[in-house]
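K.L.:
have a look at this prediction, sequence included:
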Amino acid sequence: MTVLVLAEHNGKTLNPSVLHAVTAAKQLGEVHVLLAGSDIGALAAQAAQIEGVAKVLAADAAHYAENLAEEIAPLLASLAGAYRHLLAAANVYGKNIMPRVAALLDSQQVSDVVEIINENTFVRPIYAGNVFITVSSQDPHLVLTVRSSSFDKASASGGNAQIDSVTATAPQNLSRFVSRKLTESDRPDLTQARVVVSGGRGLGSAEQFDALLTPLADALGAAIGASRAAVDAEYAPNDYQVGQTGKIVAPELYVAVGISGAIQHIAGMQDSKVVVAINKDPDAPIFNVADFGLVGDLFDVVPKLTAALQVNA
């Protein structure tokens, strides 16, 4: 049995989520990777080096250049005849494309898979991660998205996959690319960072958010995240949001500063290896998932913690 993994990329490098998706796919059978884009020879070579990948399918056409879901979905559906499982990471890219693929194949999608029991049976969270449900499907095609934080990375080197060209589907012309605005940062990517420092509404303002969290994150070499409340209050940009409606993270260390611990936020960080919570409210729900909790005024605690880390750096 073979599995087709849809690979996300920015035209130059593969997204790290592809490595997690390959690990998940290996539990289901031989792994093939689909790359769609324009002038993707170098990307195909990168994908071929991933350990565990047997074949890379390269679809090279101008209308794939911007990874528009309306163009990629028909391509993936056109290749489905050779595969029982079609798989992608459960991120913005995968969530945009895979439901379209499922609709084209008249198949029900199994979303946000955290565990693969067998070729037909999967575990996924519901109710903001408070309940895990086991789903079994006998559909001819199984369209899956997998949560990256639940599967280890495959090695990016050591493989030697065959690279095959596949025929591009006709342009759909249902959407067009207008522009892209990218946030440039020297910090680790939030979803891949080893350490994440997140701030909540308790920080009080965008100025305080930056003044307290930036030095702490610098001392820890951390990415910066935020609760939905902090983002809604415009303390932090939208791409900082951690939670059910934001990004799912599972770092080795997660530091929650001034975050009460709403269910939707917990859903996005509960797989973190160690959780440290700083909050003045001893009854804050965040302490229920914290390995270490400090009840105190964050405006006093965080500067002291930052100073101690800088001294011992």
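P.N.:
Ah, there it is.

K.L.:
correct me if wrong: residue 75 contacts residue 167.
P.N.:
No: under the criterion of C-beta atoms under 8 Å, residue 75 makes no contact with residue 167, lying 9.1 Å away. In short, each C-beta sits where N, CA and C put it, glycine included.

K.L.:
got the contact list for the residue nearest the centre of the chain?
P.N.:
To find the centre residue of the chain, average its C-alpha atoms and take the closest one (C-alpha atoms, centre = their mean): that gives residue 91, at 4.5 Å. When contacts are counted by C-beta atoms under 8 Å, 6 or more residues apart in numbering, residue 91 is found next to 8, 15, 17, 148, 191.

K.L.:
what about the strands in the stretch 201-313 of the chain?
P.N.:
In chain order, the stretch 201-313 of the chain shows strands spanning 223-226, 253-257, 274-279, 292-295, with DSSP state E, counting those that start in this stretch as the criterion.

K.L.:
for residue 119, grab the count of nearby residues.
P.N.:
A count of neighbours around residue 119, defined by other C-beta atoms under 10 Å, yields 15.

K.L.:
which residue comes closest to residue 19 once chain neighbours are left out?
P.N.:
Closest residue to residue 19 apart from its sequence neighbours, by C-beta to C-beta, 6 or more residues apart in numbering: residue 153 at 4.1 Å.

K.L.:
what about that neighbour, distance to residue 271?
P.N.:
In this structure, residue 153 and residue 271 are 15 Å apart, going by C-beta to C-beta, to the nearest Å.

K.L.:
and for residue 121?
P.N.:
With the distance defined as C-beta to C-beta, residue 121 ends up 21 Å from residue 271.

K.L.:
neighbour-wise, which of those two wins?
P.N.:
Between residue 121 and residue 271, counted using other C-beta under 10 Å, residue 271 has the larger neighbour count: 17 against 13.

K.L.:
just checking, the more buried one touches residue 150?
P.N.:
Yes: under the criterion of C-beta under 8 Å, residue 271 lies in contact with residue 150, with a separation of 7.0 Å.

K.L.:
where does the stretch 201-313 of the chain dip in pLDDT?
P.N.:
Along the stretch 201-313 of the chain, the model assigns pLDDT under 70 to residues 313.

K.L.:
the stretch 51-200 of the chain now?
P.N.:
Where the stretch 51-200 of the chain drops to pLDDT under 70, the residues are 182-185.

K.L.:
just the helices in it please.
P.N.:
Secondary structure of the stretch 51-200 of the chain by DSSP state H, counting those that start in this stretch: the helices cover 69-78, 92-104.

K.L.:
pick the most buried one from the ones you listed.
P.N.:
Among the helices of the stretch 51-200 of the chain, the stretch with the highest mean neighbour count (mean count of other C-beta atoms under 10 Å) is helix 69-78, at a mean of 21.

K.L.:
what's that helix packed up against?
P.N.:
If you count contacts as 3 or more C-beta pairs under 8 Å, 6 or more residues apart in numbering; DSSP states H and E, helix 69-78 packs onto strand 2-6, strand 30-37, helix 92-104.

K.L.:
which strands and helices sit next to whatever helix or strand comes next after the second one?
P.N.:
Using DSSP states H and E, the helix or strand that follows strand 30-37 towards the C-terminus is helix 41-48. Other helices and strands packing on helix 41-48, by 3+ C-beta pairs under 8 Å, 6+ apart, are strand 30-37, strand 53-60, strand 162-165.

K.L.:
at 10 Å instead, please
P.N.:
Contacts defined by 3 or more C-beta pairs under 10 Å, 6 or more residues apart in numbering; DSSP states H and E place helix 41-48 against helix 17-26, strand 30-37, strand 53-60, strand 162-165.

K.L.:
which parts of that helix are buried?
P.N.:
Of the residues in helix 41-48, those buried under the neighbour-count criterion (16 or more other C-beta atoms under 10 Å) are 43-44, 46-48.

K.L.:
what's the closest of the helices and strands packed on helix 41-48 to residue 134?
P.N.:
For the helices and strands packed on helix 41-48, the distance to residue 134 is smallest for helix 17-26, at 16.2 Å, taking C-beta to C-beta.

K.L.:
now the strands of the stretch 201-313 of the chain in a markdown table, with distance to residue 209 and mean neighbour count?
P.N.:
Putting these into a markdown table (distance: least, C-beta to C-beta, whole Å; neighbours: other C-beta atoms under 10 Å) gives the following:
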| stretch | distance to residue 209 | mean neighbour count |
| --- | --- | --- |
| strand 223-226 | 7 | 28 |
| strand 253-257 | 9 | 26 |
| strand 274-279 | 14 | 22 |
| strand 292-295 | 19 | 15 |
